[in-house]
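J.: generate a structure from the sequence data that follows.
(chains A and B)
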Amino acid sequence: MDPELYRMTIPLYIVTLLGIWMTAEYFFPFLNPLVPASDAIRAYASIAEGAAWGVGTAILTVAHLRRIYRQSKDPFWGYSVVYCVFFFVMFLLGIFEGLGGANFNWLLKWLIQPGDMALYSTTAFYVTTAGYRVFRFRNLDAAALLISGMFIMWSVLPLFTGPAPWIVPIAGWINNVPAVACYRGFVIGVALGIIGLSLRVWLLKHREVLA
Amino acid sequence: MTEAGEKTFFEKALDLDHRIIATIVFIIISLFILVPVSLPFPVSQYGQNYYNFVKSIPEGEIIGFMLSDTPSTRPQLESASVLTLVELWQKNVKIVFWEDEPYGPPILKDYIALAELKLGRTVEYGVDYVDLGYIAGEETGAAAFLKDIRGLTGGKDAYGNNIDSYEWMKGINSGSDWEYGFFNVACRCTEPLYVRQWQMPYGTKVGSINCAMDLPAITLYLATGQIAGTANGLLGSAEIEYLTGNIGLAFGQTLAVSFGGVYFTILVVLGNIFFFMAKAKGRPVT
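T.: The predicted model follows:
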């Protein structure tokens, strides 16, 4: 059998068929008999995504194992060892202890979570430096960013809103009028983009969707 | 640069080393967490509306709660999430949890343990709450779950128990069976998903616990009333602590971040002064 047929053509036809099915069920109430099948499709989509986590993790692990195996060709193969050690420790603990296991949860609570928090908190330092370099009155666009950014920041800090409560309505106006107006435009634009892209997929004009 | 090739004071100031800026941020935030000072604390309309929403939930109600916080967003959202649970369980509200993020289940366990400490009693699984576990599939998964809970979960909770074995779960099978609901989506800007798939089709009144950076994504829905209230980031957590009389870490962090904001403001003002001074001297500045 031609590999193109089962790698691209059949999956693309499945995507097209399901897309038309789900759209028809949503927009045309007289197609109510389709509803139970559509519910099943949605449920399977959730199951498929759950399975995708497993497949993705397996592919990532194989890639790291390959890098360790070919260590001489990659100067950063040591990081792959770290990944594999932690992956297999967590995987085995998860399998043998389950999600409620003491060791599994200890690693999660005292190693993974603090690491994740620490990584995220470093953004504060970068944001401050970036703010110092970017928030400059270079032109009108930059001035709009500077003024709105400062008001929004001040409006969530009690040290500013306490002595200067007039900051809150100004920030509220920025949030509720220009920001909402722009966001509405953005949302509508994204929705139209999704419709356009979906049509391309249905018409088999966007084969990259499976790439 | 000067003719001799040396940078002027203003040029040097404009290129201030990242390490100096970051070190001062670290000192200011650490100092005010370790040595808190008393400051006026006005509660924002967002915080007040969220608190009123929590308070408006009747005694003994059964509600849905999608709790998918992550470790990185926990410092911002933990207090708002835990204190919401405390307020609800003080009114004997029964909560049906689920998570749309793999980190959700272990964090939910932590939050329940913290809520028990605040409540001064243990909450009983199957009586005060059930956990339907991780629901994969983002929007598609949420749509399927909220349409037919038993269809998607196979009628089992996160521990494999039959959900019909809990008497109060017998009438719960879709989003329409909850009049009130909450979602904590951390910083993923997926709040509109729950407006589309929960509030709009089933009319459930929903409250959001979200990072401050998600506010632009939900302002639209707050304005239309489709989201009843938001505990907005760290400030939201601090406000809930303040309003419920449980002053804690979020309150201290907010004050520390406030002083960080003063430092940031000074930096921006100085940056602009140096920028214009350098420009006035005819230096190439960016």
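
J.: hey, let's count contacts and neighbours off CA atoms from now on
T.: OK.

J.: contacting residues for the residue in the stretch 101-250 of chain B that chain A sits nearest to?
T.: Nearest residue of the stretch 101-250 of chain B to chain A, counting by Cα to the nearest Cα: B:G137, 4.1 Å away. Taking Cα atoms under 8 Å, 6 or more residues apart in numbering or on different chains as the contact definition, B:G137 lies against A:A45, A:S46, A:I47, A:A48, A:E49, A:G50, B:D100.

J.: go through the residues you listed and name the one nearest A:A118.
T.: B:D100 (23.2 Å; Cα to Cα).

J.: tell me, how many residues neighbour the closest one?
T.: By other Cα atoms under 10 Å in any protein chain shown, 22 other residues sit near B:D100.

J.: so it sits against B:M66, correct?
T.: Yes: here B:D100 reaches B:M66: they are 7.3 Å apart, a contact under Cα atoms under 8 Å.

J.: show me which helix or strand of the chain is least confident by mean pLDDT.
T.: Since you didn't name a chain, this refers to chain A. helix A:3-4 (a mean of 82; mean pLDDT, DSSP states H and E).

J.: for the following helix or strand past that one, packing partners?
T.: Of the helices and strands lying after helix A:3-4 in sequence (DSSP states H and E), the nearest is helix A:10-27. Packing partners of helix A:10-27 (3 or more Cα pairs under 8 Å, 6 or more residues apart in numbering or on different chains; DSSP states H and E): helix A:35-69, helix A:180-202.

J.: quick check: angle from helix A:10-27 to helix A:35-69?
T.: When axes from the mean of the first three to the mean of the last three Cα atoms, to 10 degrees is applied, the directions of helix A:10-27 and helix A:35-69 differ by 140 degrees.

J.: which residues sit against helix A:10-27?
T.: Taking Cα under 8 Å, 6+ apart as the rule, helix A:10-27 contacts A:L31, A:N32, A:L34, A:V35, A:S38, A:S198, A:V201, A:W202, A:L203, A:L204, A:R207, A:L210.

J.: please convert the contacts of B:G137 to CSV, extending it with distance to B:F9 and pLDDT.
T.: Shown next, in CSV, are these (distance: Cα to Cα, whole Å; pLDDT from 0 to 100):
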residue, distance to B:F9, pLDDT
A:A45, 61, 86
A:S46, 59, 84
A:I47, 61, 87
A:A48, 60, 88
A:E49, 56, 85
A:G50, 57, 85
B:D100, 53, 91
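
J.: most neighbours among the residues you listed, which one?
T.: Ranked by the number of neighbours (other Cα under 10 Å), the contacts of B:G137 place A:S46 first, at 24 neighbours.

J.: could you find the closest non-adjacent residue to that residue?
T.: Leaving aside its chain neighbours, A:S46 sits nearest to B:G137 (4.1 Å; criterion: Cα to Cα, 6 or more residues apart in numbering or on different chains).

J.: phi, psi for that neighbour please.
T.: Phi and psi for B:G137, reported as degrees, to the nearest 10, are phi 110, psi 10.

J.: what about the residue of chain A most remote from its centre, which SS state?
T.: If you look at how far each residue of chain A sits from its centre, by Cα atoms, centre = their mean, the farthest one is A:P163, at 38.8 Å. Following DSSP: H, G, I helix; E, B strand; the rest coil, we place A:P163 in the coil state.

J.: for it, grab phi and psi.
T.: According to degrees, to the nearest 10, A:P163 has phi -70, psi -20.

J.: go on, B:I95?
T.: phi -120, psi 130.

J.: beta-bridge partners for it, please?
T.: Beta-bridge pairing for B:I95 (DSSP bridges): B:I63, B:Y129.

J.: my guess is it meets B:I62, correct?
T.: Yes: counting by Cα under 8 Å, B:I95 does reach B:I62; the two are 5.9 Å apart.

J.: okay, now the unreliable bits of the chain?
T.: Chain wasn't specified; assuming chain A. The model of chain A has pLDDT under 70 over residues A:211.

J.: chain B, not that one
T.: By pLDDT under 70, the weakly predicted segments of chain B are B:1-5, B:285-286.
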